[in-house]
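Colleague: Build the 3D model from these lines:
(chains A, B and C)
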Amino acid sequence: MILPGNTSCQGCPISLAMRCLDEIENPVLVIPAGCSTVVAGLHPNSAMKIPVIHVPFASTNAVACGVKEAYKRAGVKANVIAWIGDGAADIGFATLSASATRKDDIITVVVDNEAYMNTGTQASLSTFWKAKTSTSPAGKADERRDLALIMIAHKADYVATATVGYIEDLRRKFRKASQIEGFRFIQIHCPCPPGWRFPSEKTIEIARKAVMSGAWALFEFYDRKLRFSGIGKKFAEKDNRISLAEYLKAQGRFEHLRDEDILAIEKAIDEEWEILKRFSGE
Amino acid sequence: MWNLQGNVQAESHRNGSRVRKLLTSNEAVAEAVKIAKPDVISAYPITPQSPIVESLAKMIAKGELDASFVRVESEHSAMAVIHGAATAGARVFTATSSHGLAYMFEMCWWIAGSRLPAVMAVATRSIGAPWNIHGDHTDIVQLRDAGWIIGMAENAQEAFDMTLQAFCVSEEVNIPFAVGLDAFTMSHTAEVVEIWEPEIPPRRQAYKVLPSDNFAVNAVTMGKARMKARYDLAVDLENSAKVIEKTDKDFGNHGGLVENYRLDDADFAVVMMGGWCGDAKDAIDMLRQEGFKIGLLRIRFLRPFPKKAVKELGCEVLVVDKANSDLRGVLGIEVSSCGVEAKNVVAGIGGVDVGVEDLCRIFKDFMNGKLEMEWYL
Amino acid sequence: MDLEPIISRMKLGAAGETGTWRNYRPVINKELCNKCKTCFSYCPEGVISEEIEIDYRFCKGCGICKEMCRQKAIEMVQE
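Modeller: Residues are numbered from 1 along each chain as shown, chains lettered A, B, ... in the order given. Sure, this is the predicted structure:
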């Protein structure tokens, strides 16, 4: 759904995720400010094979809702997609929450690269524990917000986490979202070479290490039940995981971490898994 | 009796004749919106606008109006919803006021820049701080640079007529249209309004986005594209005056961009806009009886601004404002930008009561060359 | 109304011939390649066809294909 020769950086996970949009029937993209805006094409060119409505940062889900309402009244079949980054999820959080609560019949995709990359890697609410960004040069001291869990709390019709590291799993989740009606939410883990400071060929390897170390959980929520999905099932068991250090040390944004920092992060991750397991009943 | 009346009304509507109803301006706007048959309405409540969208929600619930009503968490999202719906080809409406307009300001620029037809009612109210829910024009004047058509009604009849006209004009020129009506003195004050159902042409717009398309709207521009878009909008906004004037006779014959009141032989002209122009007319009638040759140029549209009518005044001019920029009133700045040297009084901010007697005093001081105060406190 | 300032049209190479960004060129050893299509699936730019041909006009040389190839059939060669 995205054409070659676009503006994405080398090894860009967003461009890869956009390729997978061919799994979704009759897509219409609504994209706010962020890397995706640029990747989708600079005027007068569009890099996308599908219609794109570029919108202000905080407005995406509300615009997508309006587009869908108009289509419904005109009898036009479409999967309207609010394609946002973690930045737009921050600034448009109230809008996203209202959209989920109304059960807007749209798909929300968050390409989560864990910082405001398009403005130069400033920390977002999704930024990983202790990660260096240009606004947290000594490492981020705040929590990492779990957007997908918050969406589950909205009783969304479909919630999934995915990663560019396992593309077939991502494609399956797009397909599934495409076939369900109601509010659908997919958060895609998107390791960013320039923002996380690793070589461009390592995007997939780092995405996979995130899953294998337990730093990124893969799950789906539908029919009111949370399920660990695909390869993610295996890493729900801590014994199966690789060491967290192996994931973190591959990235420049964690170069400053001491052993006790890694232990503290591991503790935070373990606590998150506890919550997820309680949700899943596993 | 009630049923019978209802049937008679329905019948007379079909004949294109008029029915008199006692309505506030808020209700009059809602009646007009119902007649225009929007597809999508979205709004967030704010005093004193709320009764407009409450009325519309009720009409939809009763089945009198077939439209989607999207409840949102903020005005920013209200404008975003109608932005999206308009992009996909729907006729859209929202309403707001004061802080609500401030909160949706970003989206106001986007819907105008996207050249999407849309209609918004603004029950004009003061913006804080400090908190104040009463009427003035400090909210709506902020829309001046965003690329909207901005009308200011004087009474409930005009609020009704202008709202209907707004759909026609907006959809012909691809520019969003704000209908201003003063908080409380209009929004909550009932007057007799003649309701009729003019033909509103089906939705027209320069483009819409469908799933079968493969173009993008509003991608990041480089070079001159943004400036060209801004220039085109400015030119088309200017030219919308012709469409407003052309359609004026179909929507109440209120005079187009301005209303001239007793100006023909006037030595003194007052320039004002909004609901208190009714009081200004009473004041002028009283002063005329005392022999003063004074008249009113009522600004019906802040955008496109009636530069020609202001330039042609040819007498001594006083502008009385309900909104200020610095010490000067906003309308005062607009009038002086036309090369007209005018006295300027700022009054009624935050709902401070300015009645006929106050206006008589201000007008008299002006005509006697004794006008000293810039702010009528 | 002139819509050109706000409308952008679909274009292959929306950012030009991005192959010029490349410092290293992926070269496929056809003898080692078993056409598993992993490189096709994971190429962020979508420049590898299902027949495993690389469109060098647009390939940015990120090296993901080389990393993903289980057959070690792709080599990155300096331009």
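Colleague: Report how many residues lie close to the residue nearest to residue A:201 when sequence neighbours are not counted.
Modeller: Nearest residue to residue A:201, sequence neighbours excluded (Cβ to Cβ, 6 or more residues apart in numbering or on different chains): residue C:63, at 3.0 Å. (Each C-beta comes from the backbone N, C-alpha and C, glycine too.) The number of residues packed around residue C:63, counting by other Cβ atoms under 10 Å in any protein chain shown, is 21.
Colleague: In this structure residue C:63 contacts residue C:23, no?
Modeller: No: if you go by Cβ atoms under 8 Å, residue C:63 and residue C:23 don't touch, sitting 9.8 Å apart.
Colleague: sorry, back to before: how close does the residue nearest to residue A:201 sit to residue A:111?
Modeller: Shown here: residue C:63 relative to residue A:111, a distance of 21 Å by Cβ to Cβ, to the nearest Å.
Colleague: Which stretches in chain A count as helices?
Modeller: For chain A, the helices defined by DSSP state H cover A:13-19, A:35-39, A:60-74, A:86-91, A:93-102, A:147-153, A:167-179, A:193-196, A:203-212, A:244-248, A:259-280.
Colleague: What is the distance between the third one and the centre of its chain?
Modeller: Distance of helix A:60-74 from its chain centroid, counting by Cα atoms, centre = their mean, to the nearest Å, is 22 Å.
Colleague: What of the last one?
Modeller: Here helix A:259-280 is found 19 Å from its chain centre; the criterion is Cα atoms, centre = their mean.
Colleague: which residues does residue A:66 contact?
Modeller: B:40, B:42, B:70, B:80-88, B:90, B:92 (Cβ atoms under 8 Å, 6 or more residues apart in numbering or on different chains).
Colleague: In contact with residue B:48, which residues are there?
Modeller: B:26, B:97, B:123, B:125, B:133, B:135, B:183-184, B:187-188.
Colleague: gap between it and residue B:353?
Modeller: 16 Å.
Colleague: Equivalent analysis for residue A:135, please.
Modeller: In terms of Cβ to Cβ, residue A:135 sits 50 Å off from residue B:353.
Colleague: Looking at those two now, which is surrounded by more residues?
Modeller: Using other Cβ under 10 Å as the criterion, residue A:135 and residue B:353 rank with residue A:135 on top: 15 against 9.
Colleague: I figured that one was touching residue A:123, is that so?
Modeller: Yes: assessed by Cβ under 8 Å, residue A:135 is found in contact with residue A:123 at 4.9 Å.
Colleague: count of neighbours near residue 19?
Modeller: By default, I'm working from chain A. 23.
Colleague: ah, no, chain C please
Modeller: When neighbours are counted by other Cβ under 10 Å, residue C:19 comes out with 21.
Colleague: does it count as helix, strand or coil?
Modeller: What DSSP: H, G, I helix; E, B strand; the rest coil gives for residue C:19 is helix.
Colleague: near chain C, which residues of the stretch 151-300 of chain B show up?
Modeller: The stretch 151-300 of chain B comes close to chain C at residues B:174, B:206-207, B:214-219, B:221, B:225-226, B:228-229, B:232, B:236, as judged by Cβ under 8 Å from any Cβ of the partner chain.
Colleague: Which of those residues are buried? Put it as a ChimeraX command.
Modeller: In ChimeraX, selecting the buried portion of those, with burial taken from 16 or more other Cβ atoms under 10 Å in any protein chain shown, looks like this:
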select /B:174,206,207,215,216,217,218,219,221,225,229,232,236
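Colleague: Cross the residues of the stretch 151-300 of chain B next to chain C against helices and list the overlap.
Modeller: Short answer: those in helices (DSSP H) are B:225-226, B:228-229, B:232, B:236.
Colleague: check contacts around the residue of chain C found nearest chain B.
Modeller: In chain C, no residue comes nearer to chain B than residue C:5, which is 3.7 Å away by Cβ to the nearest Cβ. Counting by Cβ under 8 Å, 6+ apart, residue C:5 touches A:43, B:221, B:225-226, B:228-229, B:232.
Colleague: cool, residue B:68 as well?
Modeller: A:69, A:72-73, B:39-41, B:85.
Colleague: ranking the residues you listed by neighbours, who comes first?
Modeller: Ranking the contacts of residue B:68 using other Cβ under 10 Å puts residue B:85 first, with 31 neighbours.
Colleague: Which of the helices or strands spans that residue?
Modeller: helix B:75-87 (DSSP states H and E).
Colleague: after that helix, next one along is what?
Modeller: Next along the chain from helix B:75-87, counting by DSSP H and E, comes strand B:92-96.
Colleague: what angle separates that following strand from helix A:60-74?
Modeller: Angle of strand B:92-96 versus helix A:60-74, following axes from the mean of the first three to the mean of the last three Cα atoms, to 10 degrees, is 140 degrees.
Colleague: Provide the strand pairings for strand B:92-96, with the direction of each partner.
Modeller: Sheet pairing here is set by DSSP bridges, and for strand B:92-96 it gives strand B:40-43 (parallel), strand B:119-124 (parallel).
Colleague: okay, the ones you listed, which one's buried deepest?
Modeller: Across the strands paired with strand B:92-96, the average number of neighbours (mean count of other Cβ atoms under 10 Å in any protein chain shown) peaks for strand B:119-124, which reaches a mean of 31.
Colleague: Export it to PDB, keeping only CA atoms.
Modeller: Extracted C-alpha coordinates of strand B:119-124, given in PDB (Å, rounded to 0.1, in the frame of the first residue of the first chain):
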ATOM      1  CA  VAL B 119     -21.700  25.800   9.100                       C
ATOM      2  CA  MET B 120     -21.100  26.800  12.800                       C
ATOM      3  CA  ALA B 121     -23.200  28.900  15.100                       C
ATOM      4  CA  VAL B 122     -21.300  30.900  17.600                       C
ATOM      5  CA  ALA B 123     -23.200  32.300  20.600                       C
ATOM      6  CA  THR B 124     -20.800  35.100  21.100                       C
END
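Colleague: and after that strand, which helix or strand comes next?
Modeller: Next along from strand B:119-124, by DSSP H and E: strand B:149-152.
Colleague: Return the residues of chain C in contact with chain B.
Modeller: C:1-10.
Colleague: mind running it again at 10 Å?
Modeller: Taking Cβ under 10 Å from any Cβ of the partner chain as the criterion, the neighbours of chain B within chain C are C:1-10, C:14.
Colleague: which one among those residues gets closest to residue A:17?
Modeller: Nearest to residue A:17 among the residues of chain C next to chain B: residue C:14, at 17.2 Å, using Cβ to Cβ.
Colleague: Give the helix, strand or coil label for that closest one.
Modeller: Applying three-state DSSP: residue C:14 is coil.
Colleague: roughly how far apart are the closest residue to chain B within chain A and chain C?
Modeller: Nearest to chain B, among the residues of chain A, is residue A:66, at 2.7 Å (Cβ to the nearest Cβ). With distances taken as Cβ to the nearest Cβ, to the nearest Å, residue A:66 is found 18 Å from chain C.
Colleague: how is chain B carved up into domains?
Modeller: Split into domains by automatic domain parsing, chain B comes to B:17-248, B:258-376.
Colleague: how far is stretch A:267-282 from where the chain is centred?
Modeller: Per Cα atoms, centre = their mean, the centroid offset for stretch A:267-282 relative to its chain is 19 Å.
Colleague: Which of the residues in that stretch are classified as buried?
Modeller: Buried residues in stretch A:267-282, counted by 16+ other Cβ under 10 Å: A:269, A:272-273, A:276.
Colleague: List the contacts of that stretch.
Modeller: Contacts with stretch A:267-282, where a contact means Cβ atoms under 10 Å, 6 or more residues apart in numbering or on different chains, come from A:128-130, A:143-144, A:146, A:148-149, A:152, A:161, A:213-217, A:219, A:221, A:225-228, A:233, A:235-238, A:241, A:244.
Colleague: Noted, bye for now.
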